[in-house]
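> Next comes the sequence, and after it the predicted model I'd like to discuss.
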Amino acid sequence: MTVRTEQQDGILVVTLDRPERRNAVDAGTAAALASAFRGFDGDPSSSVAILTGAGDHFCAGADLKALAEGEPRPLRSDGDGPMGPTRLRLGKPVIAAIEGYAVAGGLELALWCDLRVASEEAILGVFCRRFGVPLVDLGTVRLPRIVGLGRAMDLILTGRPVTAQEAWTMGLVSRVVPQGQALSSALELARALAALPQQCMRNDRMSLLESLDLGEQEAMENEVRRGRQSLGAGETWAGAARFKGGEGRHGR
């Protein structure tokens, strides 16, 4: 089994478990990852998922040894991505917990996640540049949206390593934590998200993601549609009543 899953109080932890290959993803692992996250999306008992890697690394990308040994990895414009779930748009958030390398396709997996928590020793980068392996899990699409065109061009053209601190300054990671604490910190963040009114959070998240494919007028109309769904769920009125009763004042 190259992908492990564990439920922790409404949080699904998905672990790439190929530490002997720095959690590089072969065809079977890609399929298992996609299956795990489809299961998460359809499970009403799970609010947030975390993607992490076993051992000292998050993911070193596609398993080039498997490719060199003849493993078939057809590249198609439909179906799952070569790294597995990277073409899925889930209805709930996913957090990447990054120790060690998150490079090449591993970086693309991290970019697919909504938030990225990295240890201070983590290294990110488009390391596949040196081997002539293209970004085909939406790396060229998501990276500039997250860090901007200029920084994305730098990383994609050079393939250079990026430290966790530099990644934080450019917005590539959301949090930097001490070495060995990426998963525990991601779990803490996941619990905080899971404690929020879920329907409203999910609708605002989806409005944000959907706006990337829409013009301004369409995005506004879509935001209103999502907002009406949230209002219809009743969370807004319940929250307003709690606020009136004194809860959450002064940013608490």
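Looks like it arrived, so ask away. Residues are numbered from 1 along each chain as shown.

> Under the pLDDT cut-off, which ranges of the protein? List them.
Counting by pLDDT under 70, the chain has low-confidence residues at 235-237, 239-240, 243-244, 248-252.

> where do the strands sit along it?
3-8, 11-16, 48-53, 94-98, 101-103, 115-119, 123-125, 162-163, 175-177 (DSSP state E).

> contacting residues around the shortest one?
Pointing back at strand 162-163 there. Residues outside strand 162-163 that contact it (Cβ atoms under 8 Å, 6 or more residues apart in numbering): 122-125, 155, 170, 172. To be clear about C-beta, it is placed using only N, CA and C from the backbone, and glycine gets the same treatment.

> now swap in the first one and tell me
Strand 3-8 is contacted by residues 12-17, 29, 32-33, 36, 39, 45-46, 54, 187 when judged by Cβ under 8 Å, 6+ apart.

> and those, which are buried?
The neighbour count (16 or more other Cβ atoms under 10 Å) marks 12-17, 29, 32-33, 36, 46, 54, 187 as buried among those.

> Please tabulate those in a markdown table, including the columns distance to L64.
Converted to a markdown table, the buried ones among the contacts of strand 3-8 look like this (distance: Cβ to Cβ, whole Å):
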| residue | distance to L64 |
| --- | --- |
| L12 | 29 |
| V13 | 27 |
| V14 | 23 |
| T15 | 21 |
| L16 | 16 |
| D17 | 19 |
| T29 | 13 |
| A32 | 19 |
| L33 | 18 |
| A36 | 23 |
| S46 | 33 |
| A54 | 19 |
| L187 | 31 |
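
> So which of these is the closest to D63?
Of all those, D63 sits closest to T29, with 7.6 Å by Cβ to Cβ.

> Quick check on the closest residue to the closest one other than its chain neighbours: phi, psi?
Closest residue in space to T29, ignoring its immediate chain neighbours: T2 at 4.3 Å, by Cβ to Cβ, 6 or more residues apart in numbering. Taking degrees, to the nearest 10, you get phi -100, psi -10 for the backbone angles of T2.

> Just the CA atoms from the longest helix anywhere in the chain would do, formatted as CSV, please.
Secondary structure of the chain per DSSP state H: the longest helix is helix 216-233. C-alpha atoms of helix 216-233 as CSV (Å, rounded to 0.1, in the frame of the first residue of the first chain):
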residue,chain,number,x,y,z
GLU,A,216,-16.0,39.9,-13.6
GLN,A,217,-19.7,40.1,-14.2
GLU,A,218,-20.1,36.3,-14.2
ALA,A,219,-17.9,36.0,-11.1
MET,A,220,-20.1,38.6,-9.3
GLU,A,221,-23.3,36.7,-10.2
ASN,A,222,-21.7,33.4,-9.1
GLU,A,223,-20.7,35.0,-5.8
VAL,A,224,-24.3,36.0,-5.2
ARG,A,225,-25.5,32.5,-6.1
ARG,A,226,-23.1,31.0,-3.7
GLY,A,227,-23.9,33.6,-1.0
ARG,A,228,-27.6,32.7,-1.3
GLN,A,229,-26.8,29.1,-0.8
SER,A,230,-25.0,30.0,2.4
LEU,A,231,-27.8,32.2,3.6
GLY,A,232,-30.3,29.4,2.9
ALA,A,233,-28.3,27.0,5.1
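
> ok, back up a step: can you say which of the strands of the chain is nearest to L193?
Of all these, strand 48-53 sits nearest to L193, with 5.0 Å by Cβ to Cβ.

> can you state the direction angle for the closest one and strand 3-8?
140 degrees (axes from the mean of the first three to the mean of the last three Cα atoms, to 10 degrees).

> by contact count, what packs against strand 48-53?
Contacts defined by 3 or more Cβ pairs under 8 Å, 6 or more residues apart in numbering; DSSP states H and E place strand 48-53 against strand 11-16, strand 94-98, helix 105-112, helix 182-194.
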